[in-house]
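A.B. asks: What follows is a predicted structure for the sequence shown.
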Amino acid sequence: MNIIVCIKQVPDTTQVRIDPVTNTLIREGVQSIINPFDMYAIEEGVRLKEKYGGKTTVITMGPPQAEAALREAISMGCDEGCLISDRAFAGSDTLASGYTLAMAIRKIKDYDIILCGKQASDGDTAQVGPGIATQLDIPQVTYVKKIEDVKDNQATVERMTEEGFEIVKTSLPCLFTVVKEINEPRIPSLKGRMKAKKAEIISWKAIDLDLEEDKLGLKGSPTWVSKIFTPPPRPKGQIMEGDPEETTTQLVEALKNRLI
Amino acid sequence: MSIQIIKDKCTGCSLCIKVCPFGALTIANKKAIINFDKCTLCGACVDSCKFDAIDLKRDSSKTANIEEYKGIWVFAEQKKGAIQSVVYELLGKARELSTKLGSEVSCVLLGHDVKDKAQELIWRGADNVYVVDTPELEHYLDEPYTKAIVNLIRKYRPEIFLCGATFIGRSLISRVAVKIHTGLTADCTGLDIDEKEKFLMQTRPAFGGNIMATILSKNHRPQMATVRHKVFKESAIDKTRKGKIIEEVIPKTLLTSRTKILDIVEEITSTVNIAEADIIVSGGRGLKGPENFAMLEELAKVLGGAVGSSRAAVDAGWMPYSHQVGQTGKTVCPKLYIACGISGQIQHLVGMQSSKMILAINQDPHAPIFTVANYGIVGDVFQVVPLLTKKFKAALNR
Amino acid sequence: MDYLLTEEQVMLRDLCRQITDEKIMPIAAQLDKTEEFPWEVVKVMADSDIFGVFIEEKYGGMGGGLLELCIATEEFSRGCAGIALAFSATALGTDPIILFGNEEQKEKYLPSIASGKKLAAFAITEPAAGSDASAMQTTAKKDGDHYILNGTKHFITNGGEAETYTVVAMTSKDRGARGASVFIVEKGTPGFTFGKKEDKLGIRGSATRELIFTDCRIPKENMLGKEGQGFLIAMKTFDMSRPGIGAQALGIAQGAFEAAVKYAKERKQFGKSISSFQGIQFMLADMATQIEAARALIYASARQIDAGRTKNISKDSSMAKLFASDMAMKVTTDAVQIFGGYGYMKEYPVEKYMRDAKITQIYEGTNQIQRNIIALNLVKETAKS
C-alpha cells in the first residue's frame, strides 16, 4: 500500500504571545513544531504501513526549515520525506496550497491513501485536505476517527459527526483527514531518530512540478489578508453583587454569545 | 479566456450537454458544438468530459464576468430533514448584509423529502430557496453534494456563499471552493460589507486565537465563508414573509458517489478528561457536601463541559482525585473556567489561571479567586448556580 | 554545563527526557503508592530502543557505552528512580554477560534484553552476606553437566519481574576468594522460585524480592567465565556499574532540585517569593553546585571506562557513586526543607525524592564500603610511588 501523509510545520501556538507595547505577535523564540493534528496523521500512516505493508511518504510545503518536520515524521516511522519549497509558493492561501500539494502528489503518482490532520493550528481552516482531494478528483472522508479495514481497493472508516459517528465505505485512492481520537502518536525510537538524521529528503521546487504559474503563491490565492489586529485584551474583571436573579441574567447575557 | 472542443477527441457522447447549466452545448455530426452566446466559461462540461475533449483556458486570477455575480446564498444544512439552527443564524446575517448590498438572499436546500422545509427558510429570511430533492441526496455525501452546489453556483452565480462551519459544512465547502476556484474563509467571527468597494469583509481568529485577521476575496466569486454555530444571532420567524421556491434538477451523472454510508451511530460521549475539556465547572469547599456537585454537573451538561474540583473537595472525599485542579492536581487551560465556592488559594490558581475566561462565584467578596476572574458574582452558590443553569439552558437552546 | 556530548548522546538524552516527562512523571506518585510494576513504561522504553543502549549492535543493541547508560538512567531517575530501576537494574544484571559471557551466551541472552522483551537482574546479596559478600551461603554443586543451586538471595531488584538472572553462588567453600562462580538462571527454571516482595521506604515502583533456589539444576553452559571467577566477575561488574548508581542518585537530586526551584519562585511569604531570600538562594546555589560536581564526576568516570581504561578504575567509579549518593541525600533533604511544611506532605513530590535517595547510599556497595575501596586504592597508589 502506498500512503502519503501531508504535514505542516507551524509555530507552537501555545507559546505565541502578543507584545503588550506594540500589540503585535512576538514570533522570535517561538518554536516550530509539527502541526499537532498532523502527528495523528503520521502515526496512522505508519500504522497502516505496519498493518498492510507498503510505504509511507511524508510531504510538506513550506520554507527550507520545514525539513525538520519531515525528519521528525521519518523518526516516527515514515519511509521517505519530500519537501516542496520555493519562493514562488510564498503567500499561498488554502487554494494555492492545495493545488501545489496536489501537483506534488500527482508527481509521486502511486498512492492509495492520503492522510491529513483535521486542521492546522495556525490557520485553523481545515480546507487544504479537502482541497487536495478535489484537485486530484478523489473521494474524501473528513473527521476520520478510525480506519477499520482496507480491502479490495476500498476502505471502511468511522467518520465523526456531531451526534456520534458514521461508518463509511469508500473506494481508493481516497483522502482522509483525521481527528485526535484516532490514535496515540508514538514517541520516536532511538533507531527512528538516527534513521531520520541520516535520511535523504527529496526536495522539489516549482520547476520540478508541472505547475501553472498563476495558480501559485500570492497570485494563485483568491483570499488575502487585508488587516491583522489583536483581539481586545482580557478586561478587568466585572464583579457583580446583588440579587441573584439580576446578576445571573446579566452574566448569561454577557457570556452566551461566547459559548461556541 | 477561451473554450473549444477538441474534435479529434470528442466522441459525441453528449455527457457535456446534460451538465451544462446554460444549455450552451449541442451535438451535430456526432461532435459537440458550443454556443458562445450562452457559454459562461463555467467549466461544468470540462469536468464531465471523460475524453478530455474540451479545452478551457481560464484566467484563474480572476473570475470571468465578475460583475454579473449577484445575490447572497446560504447553504441550508439539514440532517434527517431538520434544518440546522446555524442556518438561521446565517440567514440573520445574510439579511443584514443584503441591505448593504441591495441583493437578494437565497438558500440552497439539498436532500430527500425536504421540499416542505423550504417555506420555513423563507419565513426565516430567504427570498428564494433552491431545492434539489432527490434520493441520492438523502444523507450527506461529499461528492454529490459538492457537484450539486457547484452546478447551482455555476448556473446562478451568487456573489456571496455562506455555510455553517459544521462537520458537514467544512468538508463540503472546501471542495466547492476548489472546484469553483474561488476564495474561502473558514470560521468567521465577523462578516461585513466594505462601504466603498462592496467586498465581503471576513474576519476570523488565527494563531490559536492570539490574533484576528480580516480577509478579502477581491477577484473571485462567489466569496465563500463558513461561520460557526452561536457566533451570529438567529433570524426571527416572520410568517408573513413571501419568497420563491425553485425546484432544481441536477443531472444524475453528477450525483454519483464513490463513498457509501454503511451505518449511522449516535453516541452519548463518555467521561471527559478535564485537562482536555473546553469548559470546566469547578467546585470547592463552598459546596459544603458531595451531593451538591450534582448541580455543577447540571450546569456542566448544559454548557457541554466537564466538572472539576479544588483540593478541599477531593480531600473531603466529595470528588475523585482525577478531577482535582491545582498545584497538586491537574493544570487546565479551558476556554471557560467557572469556579463555584472556591476561595482561590494560590495552590488552586496555579492550576487554572491561564484559562481563557474565568467566572467566579463566591460568598466572600474578598476571595482571592476574584483577582483572576473576568466575571464574578458575589453571592450564594446554591442560588446562583441553578439560576445560571436555567438561564444558559434557555439562551443556548439546550 | 556543556559536557560536549555527541549528537547521538544528545538525541538519547532528549528521547529519555521526553519519555520521562510524558510517561514517567504522570504516574510516579501513583506507583509509589501502589508499588505496581511499571510495565507500560518498560514497553515505551523497549519500543524506543533504550534497552539496547549499552549493548553491542551485533546483538541487537545500539552500541553505546556506560556514558549512554548514565545519561538514560539520569533522565529516567529525574522522573522516578523506582521506575528507572526496571531499566538500570537490567543493565546491572546484563553487565556480567557483556563482560564475561562467551559468544554463545551473548547470542542467546543479549538480543532479548536489547529489545526490551526480557528484563534482567543481578543476584549476589543474601541475608547473611551484604557488605561481606564472601559470607554467602548459596551453593552451586557440580553434578555431571549441571550445577545444582541451593540457597536464598534477597533484596534483589527486578526480582520476580526479570526473566534473566545472573546469580553468584559458592562453587567451593574452601577456596576463599576463588570459591564463587556466576550463573545465568532463567525465570521458570524448576527449583527457582521467588519469595516475598519487600515493602520499602523508597524506590517503591521497583520490585525487590527474594530468590529461592531449591535443587535448581543449571546446565554448565550457563556459567559465566570460569569456575572460581565469581568474585572477580562481581567486582568488575560493580566497577562498571557504580557510575550508573551515581547517575541514578544524580537524577533523583536533579528532579528534587527542579521542584524546589519552581516552588521557591511560586511560594510567597512576607510579601515576596521565598526565592528572593538569601537563605534560600544560598541553599539553591549549593544544591546546584553539588549536582553539577556529581555530574561532572560521573560523566568523567563513565567516559574513562568507555575509552577502554578498564584497569584501576575502581577508585574513580567508587568516587562517582559515593559523591553522587551522599549529594543526593543532602540535596533532597534540602529540597524538602525549601518546601517547608508542604515538603513533608505526600501530596507534594519532594518527600518521595528524599526517600528514594537513601537507597543510593546503601546498595551496590554501601558508601562505607566505597570509602574502603577508595582508601585501599589510595594506599596502593602511594605505596607504588
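C.D. replies: It's in.
A.B. asks: ok, the closest residue to C:K173 other than its chain neighbours to B:L25 distance?
C.D. replies: Distances taken as CB to CB, 6 or more residues apart in numbering or on different chains place C:G179 nearest to C:K173, at 5.9 Å, with adjacent residues excluded. No exception for glycine: its C-beta is placed from N, CA and C like everyone else's. From C:G179 across to B:L25, the span is 102 Å (CB to CB, to the nearest Å).
A.B. asks: Now A:E44: which helix or strand?
C.D. replies: Counting by DSSP states H and E, the element that carries A:E44 is helix A:36-52.
A.B. asks: next one: C:I359
C.D. replies: Counting by DSSP H and E, C:I359 is found in helix C:350-360.
A.B. asks: Could you list every helix and strand in contact with whichever helix or strand comes after that helix?
C.D. replies: Per DSSP H and E, helix C:350-360 leads on to helix C:367-384 as the next helix or strand towards the C-terminus. Judged by 3 or more CB pairs under 8 Å, 6 or more residues apart in numbering or on different chains; DSSP states H and E, the packing partners of helix C:367-384 are helix C:314-339.
A.B. asks: which element follows the helix it packs on toward the C-terminus?
C.D. replies: Immediately after helix C:314-339, counting by DSSP H and E, sits helix C:341-344.
A.B. asks: The stretch 51-200 of chain A: helices as residue ranges?
C.D. replies: A:67-75, A:94-108, A:128-136, A:190-198 (DSSP state H, counting those that start in this stretch).
A.B. asks: Oops, could you answer that again for the stretch 1-150 of chain B instead?
C.D. replies: Going by DSSP H, counting those that start in this stretch, the stretch 1-150 of chain B shows helices at B:15-19, B:44-48, B:85-101, B:118-123, B:142-156.
A.B. asks: Chain A: which of the ones you listed is closest?
C.D. replies: helix B:142-156 (5.7 Å; CB to the nearest CB).
A.B. asks: quick one: the closest one to helix A:128-136, angle?
C.D. replies: Relative orientation of helix B:142-156 versus helix A:128-136 (axes from the mean of the first three to the mean of the last three CA atoms, to 10 degrees): 70 degrees.
A.B. asks: What helices and strands are in contact with helix B:142-156?
C.D. replies: In terms of contact count using 3+ CB pairs under 8 Å, 6+ apart, helix B:142-156 is assigned the packing partners strand A:140-151, helix B:44-48, strand B:72-75, strand B:105-111, strand B:128-133, helix B:167-180.
A.B. asks: what packs against the shortest one?
C.D. replies: Using 3+ CB pairs under 8 Å, 6+ apart as the contact criterion, the elements in contact with strand B:72-75 are helix B:85-101, strand B:105-111, helix B:142-156, strand B:160-164, helix B:167-180.
A.B. asks: Go through that strand and flag the buried ones.
C.D. replies: B:I72, B:W73, B:V74, B:F75 (16 or more other CB atoms under 10 Å in any protein chain shown).
A.B. asks: May I see those arranged in a markdown table, with distance to C:P243 and pLDDT as well?
C.D. replies: Below are those laid out as a markdown table (distance: CB to CB, whole Å; pLDDT from 0 to 100):
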| residue | distance to C:P243 | pLDDT |
| --- | --- | --- |
| B:I72 | 74 | 96 |
| B:W73 | 72 | 97 |
| B:V74 | 71 | 97 |
| B:F75 | 67 | 97 |
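A.B. asks: coming back round to it: pick out whichever of C:G179 and B:L25 has more residues nearby.
C.D. replies: B:L25 (22 against 19; other CB atoms under 10 Å in any protein chain shown).
A.B. asks: Does that one touch B:I17 like I think?
C.D. replies: Yes: with contact defined as CB atoms under 8 Å, B:L25 counts as touching B:I17 (4.7 Å).
A.B. asks: Distance of the residue of chain A at minimum distance from chain C relative to A:E241?
C.D. replies: Closest contact between chain A and chain C, by CB to the nearest CB, is at A:L190 (3.9 Å). Look at A:L190 and A:E241: by CB to CB, they are 60 Å apart.
A.B. asks: which one is A:K256 nearest to, not counting chain neighbours?
C.D. replies: Per CB to CB, 6+ apart, closest to A:K256 is B:A395, 4.1 Å.
A.B. asks: Which pLDDT value does the model give that neighbour?
C.D. replies: pLDDT for B:A395: 85.
A.B. asks: can you count the residues close to it?
C.D. replies: 17.
A.B. asks: quick one: it and A:L251 touch, right?
C.D. replies: No: between B:A395 and A:L251 there is no contact under CB under 8 Å: 10.5 Å.
A.B. asks: SS state for the closest residue to chain B within the stretch 201-350 of chain C?
C.D. replies: The nearest approach of the stretch 201-350 of chain C to chain B comes at C:E347, 4.8 Å away (CB to the nearest CB). With DSSP: H, G, I helix; E, B strand; the rest coil as the basis, C:E347 sits in coil.
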